[in-house]
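Asker: Turn this into a model:
(2 chains)
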2 protein chains.
Amino acid sequence: MSGKSADVIPEIVIGRLPLYLRALRRLQNDRRRVTSSQELGERLEISSAQIRKDLSHFGGFGKQGTGYQVEFLIERLEAVLHVNKEWLVAVVGAGNLGSAISQYRGFQDRGFRIAHLFDISPNKIGARLGDFVVRPLDSLETTIRSEGIRIAMLAVPAENAQSVADQLVAAGIKAILNYAPININVPDQVQIQYIDPVTHLQRMTYYLDD
Amino acid sequence: MSGKSADVIPEIVIGRLPLYLRALRRLQNDRRRVTSSQELGERLEISSAQIRKDLSHFGGFGKQGTGYQVEFLIERLEAVLHVNKEWLVAVVGAGNLGSAISQYRGFQDRGFRIAHLFDISPNKIGARLGDFVVRPLDSLETTIRSEGIRIAMLAVPAENAQSVADQLVAAGIKAILNYAPININVPDQVQIQYIDPVTHLQRMTYYLDD
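Answerer: Numbering: from 1, shown residues only, chains lettered A, B, ... in the order given. Prediction:
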């Protein structure tokens, strides 16, 4: 980070940076070299003023009137978000969802690689799922520590999610993406994010006629 | 809705209601009959003042000092969010992710039921996946119209997402939950929400040491 690196950037701004990065990567795929806050804004339905303000937290990315260099802005955002490297990720839960997550091809070129898939069920341990052989949950801590894994995705039933999260934290995991439909308590220094499709659906049905 | 029903409620407030509902349902599972904004706030890491303010948009749910009746508040929130009924949902994309989504058991008691699973690939059409026989994408419009389906989940590759979304809108779909890692344009009267795990992961790596 450069420029105003002493700022504490609001979380809501940080939350938009991955959206900017994703849109820029698509422009790059389309062989575009220059874009503007107007164009990004239209694609993302975020105001161009908001985009300029968000990006200004991290120093001057574009010159007034000349737009943003796509490749340069991608590099800078990847550096800001620490995804100019590949993070190893552990997936816990080898049911339908964990299996789909571990085989999802969209992680790898965006900074993440699924390293291992864990489960507690004797029926699943040892099974081959795509590129993975399901590992026993009781080997989690050893594996995570020896490989320096700091990120985990949690795809276990709601009733097990807190206890597995506790194990993950004890093993040294610093960021958890939780797919179980339940809120989880983690220490302040551990990041947690949630994916619960029902909350998104319910947000939309509010606006649909009953 | 009662009380201040003439308000236009900010979207960010609507977005928190499903979290309140989910937390309340867990309290109900634990046979709790009364809760408070303090308790909900601790579970959700949202301030109790915010929770009281959010709920006040929909009329008086609790008496000062006596807390909230769990069952009553659940009923009211379900009515506000229009999930005191069951919505049929079409899933498009019968790959790993669409398959996992269609078999996910967490929808049904929260207002939604997966009705059909569609795909474009001749290799998948007609295949049995859990309770579903994969239907051809070209039967989408007929099925959606005849069954009055208004919600769809999109689990197709990014490069097909916009064209399938266009088909969904043309068929009468009013709300789309998009799992493809790309922004999609829909008419103003169509709701869209996104699930992209990488954006959540990148939000967390910002806070991890490089």
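Asker: Tell me the buried residues in the lengthiest helix in chain A?
Answerer: Using DSSP state H to define each element, chain A has its longest helix at helix A:11-29. Across helix A:11-29, burial judged by 16 or more other CB atoms under 10 Å in any protein chain shown covers A:14-27. In this view, the C-beta of every residue, glycine as well, is placed from N, C-alpha and C.
Asker: Please work out the average pLDDT along stretch A:183-197.
Answerer: Average pLDDT, stretch A:183-197: 95.
Asker: how long is it from one end to the other?
Answerer: By CA to CA, to the nearest Å, the extent of stretch A:183-197 from end to end equals 14 Å.
Asker: Which of the three states applies to the spatially most central residue of chain A?
Answerer: Compute the mean C-alpha point of chain A, and by CA atoms, centre = their mean the closest residue is A:L177, 7.4 Å away. At A:L177 the chain is in strand, as set by DSSP: H, G, I helix; E, B strand; the rest coil.
Asker: Against chain B, how distant is it?
Answerer: 5 Å (CB to the nearest CB, to the nearest Å).
Asker: just the strands in chain A please.
Answerer: A:34-35, A:68-69, A:87-92, A:112-119, A:128-129, A:132-133, A:135-136, A:151-154, A:175-178, A:191-194 (DSSP state E).
Asker: Mean neighbour count, those strands: which tops it?
Answerer: Burial of the strands of chain A is given as mean neighbour count (mean count of other CB atoms under 10 Å in any protein chain shown); strand A:151-154 ranks first at a mean of 26.
Asker: From the contact counts, what lies against that strand?
Answerer: The contact analysis (3 or more CB pairs under 8 Å, 6 or more residues apart in numbering or on different chains; DSSP states H and E) places strand A:151-154 against strand A:87-92, helix A:158-170, strand A:175-178, helix B:197-205.
Asker: what lines up beside it in the sheet?
Answerer: Strand A:151-154 has its sheet partners listed here by DSSP bridges as strand A:87-92 (parallel), strand A:175-178 (parallel).
Asker: Reformat those as a markdown table; add mean pLDDT.
Answerer: Listed next are the strands paired with strand A:151-154 as a markdown table, based on pLDDT from 0 to 100:
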| stretch | mean pLDDT |
| --- | --- |
| strand A:87-92 | 98 |
| strand A:175-178 | 98 |
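Asker: closest to B:L129 out of those?
Answerer: Of all the strands paired with strand A:151-154, it is strand A:87-92 that lies closest to B:L129, at 21.1 Å by CB to CB.
Asker: can you state the direction angle for that closest one and strand A:112-119?
Answerer: Computed by axes from the mean of the first three to the mean of the last three CA atoms, to 10 degrees, the angle separating strand A:87-92 from strand A:112-119 equals 20 degrees.
Asker: From the chain's centroid, how far away is strand A:87-92?
Answerer: Counting by CA atoms, centre = their mean, to the nearest Å, strand A:87-92 is centred 11 Å from the centre of its parent chain.
Asker: What of stretch A:106-123?
Answerer: Averaged C-alpha coordinates place stretch A:106-123 at 13 Å from its chain's average position (CA atoms, centre = their mean).
Asker: returning to that earlier point: tell me the contacts of the residue nearest to the centre of chain A?
Answerer: By CB atoms under 8 Å, 6 or more residues apart in numbering or on different chains, the residues touching A:L177 are A:151-154, A:192-195, B:197, B:200-201, B:204.
Asker: Recalculate using a threshold of 7 Å.
Answerer: Taking CB atoms under 7 Å, 6 or more residues apart in numbering or on different chains, we find A:L177 in contact with A:153-154, A:193, A:195, B:197, B:200-201.
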